[in-house]
Structures are given as structure tokens and as C-alpha cells.
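Colleague: Got a sequence here, can you build the structure:
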Amino acid sequence: QQQQQQQQQECSKPSPNTVRRIRAKKRAFCKIKDPNGDALEYRKNDVLLGRGGHASNNPGNLYLLRAVRMSSVEYKSLGKNEQDKVQKRAIVQHIISLIEDRGSRFLYREKKGDQWREASSRAVYEKISHMLRD
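Modeller: Got it, this is the predicted structure:
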């Protein structure tokens, strides 16, 4: 009976790789680019990361969504070999540059309060690549 309990506990634990991936994602959103640590006011062209009406109806998010839709067919057609991965990274970087060239920023709302912070480049990259996969 002890062996069964031990096996059940081992099965319910996430693998070390899963734990590392989760921690990396949390760190990506915790890194703040704003050097002063001041809260930012978002502008209409900024891309707001997160869920809810504030993000889905924002003009910056709508522009990002159009850019992702234009590139998603090409992105999904690529495979998993190294050459295709390089092309996928280039597509994501192109979308990021389209947004940043407009003077837009990628912002996320802090969990405590109603303050906006600039997301790290890693968090932005992960967000856009996830949008392209969906």
C-alpha cells in the first residue's frame, strides 16, 4: 500500500522540465524594462498583454492581431527542423519590429494594483509565437 501511495505521489508531480518551463515563463513577465520602475500610462497604440476587454478592444492589440493573422499561414506551414525554426524566429521578430516601429510598447498589468509595466523582450517573443501557433 505504501508503494501505491508513493507511485501516486510521483505521478502527480510535474517533471523537472515542466517546472523549469513554468518558472521561466513567470520570470519573463517579472522582468521590467522600465529603468525607474515607475508605472506607465498606456497609449492607444500600445499592445496590452493579458485578458479582458481592455486588451481585446485596444487599437494596438487589433493591429497586432492583423499582423499575426497575415503571418500565421506561413508560420504554421514551417516544420520543426533547424532551418524552419530560424524562419519562425524571423517571422516573430518581424512582427515585433512592425509594432515597435509604430512607437508602440508591449505592456502588462501588475497583479497588485492597476499599474502597467513594459514587458521583457522574452515575454513578448513568447506571446507572439503563441499567437502564431493558435
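Colleague: Which parts of the protein are helices?
Modeller: For the chain, the helices defined by DSSP state H occupy 2-12, 16-30, 53-56, 59-77, 82-101, 121-133.
Colleague: okay, and for this protein, where does confidence drop off?
Modeller: Across the chain, the ranges flagged by pLDDT under 70 are 1-39.
Colleague: Please work out which residues outside stretch 49-61 touch it.
Modeller: 42-48, 99, 104, 106-109, 119, 123-124, 127 (CB atoms under 8 Å, 6 or more residues apart in numbering). All C-beta spots, glycine's among them, are computed from the backbone N, C-alpha and C.
Colleague: Show me those that map onto strands.
Modeller: By the criterion of DSSP state E, membership of the contacts of stretch 49-61 in strands covers 47-48, 106-109.
Colleague: could I get these as CSV with neighbour count and distance to residue 77?
Modeller: Shown next, in CSV, are the ones in strands among the contacts of stretch 49-61 (neighbours: other CB atoms under 10 Å; distance: CB to CB, whole Å):
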residue, neighbour count, distance to residue 77
47, 27, 25
48, 22, 29
106, 24, 26
107, 23, 31
108, 22, 30
109, 19, 34
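Colleague: Out of those, the closest to residue 74 would be?
Modeller: residue 47 (20.9 Å; CB to CB).
Colleague: What residues are bridge-paired with that closest one?
Modeller: Residue 47 has these beta-bridge partners by DSSP bridges: residue 106.
Colleague: Which residues are in contact with it?
Modeller: Here residue 47 is in contact with 58, 60-61, 63-64, 99, 104-107 (CB under 8 Å, 6+ apart).
Colleague: rerun at 6 Å
Modeller: For residue 47, the contact set (CB atoms under 6 Å, 6 or more residues apart in numbering) comprises 60-61, 64, 99, 104, 106.
Colleague: Any chance of a PyMOL selection covering the buried ones in those residues?
Modeller: The PyMOL command for the buried members of the contacts of residue 47 (criterion: 16 or more other CB atoms under 10 Å) is given here:
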select buried, resi 60+61+64+99+104+106
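Colleague: For residue 133, state which of the contacts of residue 47 is nearest.
Modeller: Nearest to residue 133 among those, with distances taken as CB to CB, is residue 64, at 15.0 Å.
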